[in-house]
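In: pasted the sequence and its predicted model underneath.
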Amino acid sequence: MAGLLAFASSGCSLLFIKGPPDTSHSQFRPGSSVECTSSKVAPALDTVFAGLEVLRTGVAAGADDSVYNNPNQPLSREADIALGIGFASLFLGSAIYGYATTAACSKRKQANAPDVQEPENPGDSPRDPAAPPMRPWQSNLTPVPSR
């Protein structure tokens, strides 16, 4: 139960997002593939969970006193509100971290991508003007340079 509570109280972004590599690291090579998380799913989930915690905390703050005077209620109103604020802060912080890290990853992937210019039309690739005309079935083939 304690492990489940610890896992549930952690933000998705803090658990699952991997940031871009440090460019000052000796093994980093410009032009190599960048392994990091650019998906915004985890920060979006953190945002939803933070919103639910804010809503739940608001319900706890506005609840009738009889709810917390019930012997079956394990928490006092103050403890319930404090936990709600704590969890909302955790999820909000995790969401902020997730959005910042995934944006940095996307930026690094874009900056590290090789400069490849795509032709405007798929069949329009630059050709040697002295080369014989190509037939339609040859338009997707790339000529091999002779040695």
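Out: That came through, no problem.

In: next SSE downstream of the helix or strand containing Gly58?
Out: Taking DSSP states H and E as the definition, Gly58 sits inside helix 41-62. Going down the chain from helix 41-62, the next helix or strand is helix 65-69, by DSSP H and E.

In: show me what that next one is packed against.
Out: helix 77-112 (3 or more CB pairs under 8 Å, 6 or more residues apart in numbering; DSSP states H and E). Yep, even glycine has a C-beta here, placed from its N, CA and C like the rest.

In: which parts of the helix it packs on are buried?
Out: Neighbour counts using 16 or more other CB atoms under 10 Å place 80-81, 83-84, 87-88, 90-92, 94-99, 101-102, 105-106, 108, 112 of helix 77-112 among the buried residues.

In: now do stretch 70-77
Out: Buried residues in stretch 70-77, counting neighbours by 16+ other CB under 10 Å, are absent.

In: do the same with stretch 40-53
Out: Buried residues in stretch 40-53, counted by 16+ other CB under 10 Å: 40, 42-43, 45-47, 49-50, 53.

In: specify which member of those is nearest to Pro21.
Out: Lowest distance from Pro21 to those (CB to CB) belongs to Ala42, with 19.0 Å.

In: closest one of the buried residues of stretch 40-53 to Val59?
Out: Glu53 (10.7 Å).

In: the closest one and Cys12, how far apart?
Out: Per CB to CB, to the nearest Å, Glu53 is found 13 Å from Cys12.

In: quick one: contacts for Val41?
Out: Shown in contact with Val41 (CB atoms under 8 Å, 6 or more residues apart in numbering): Cys12.

In: from Thr102, how far out is it?
Out: Going from Val41 to Thr102 by CB to CB gives 9 Å.

In: and what of Glu78?
Out: On the measure of CB to CB, Glu78 and Thr102 end up 36 Å apart.

In: again, but for Lys40
Out: Distance of Lys40 to Thr102, given as CB to CB: 6 Å.

In: where in this structure is pLDDT low?
Out: 1-10, 23-32, 114-147 (pLDDT under 70).

In: what number of residues are in the vicinity of Ile17?
Out: Residues lying near Ile17 (other CB atoms under 10 Å) number 25.

In: hmm, it is touching Gly98, no?
Out: Yes. Between Ile17 and Gly98 there is a contact under CB atoms under 8 Å: 5.2 Å.
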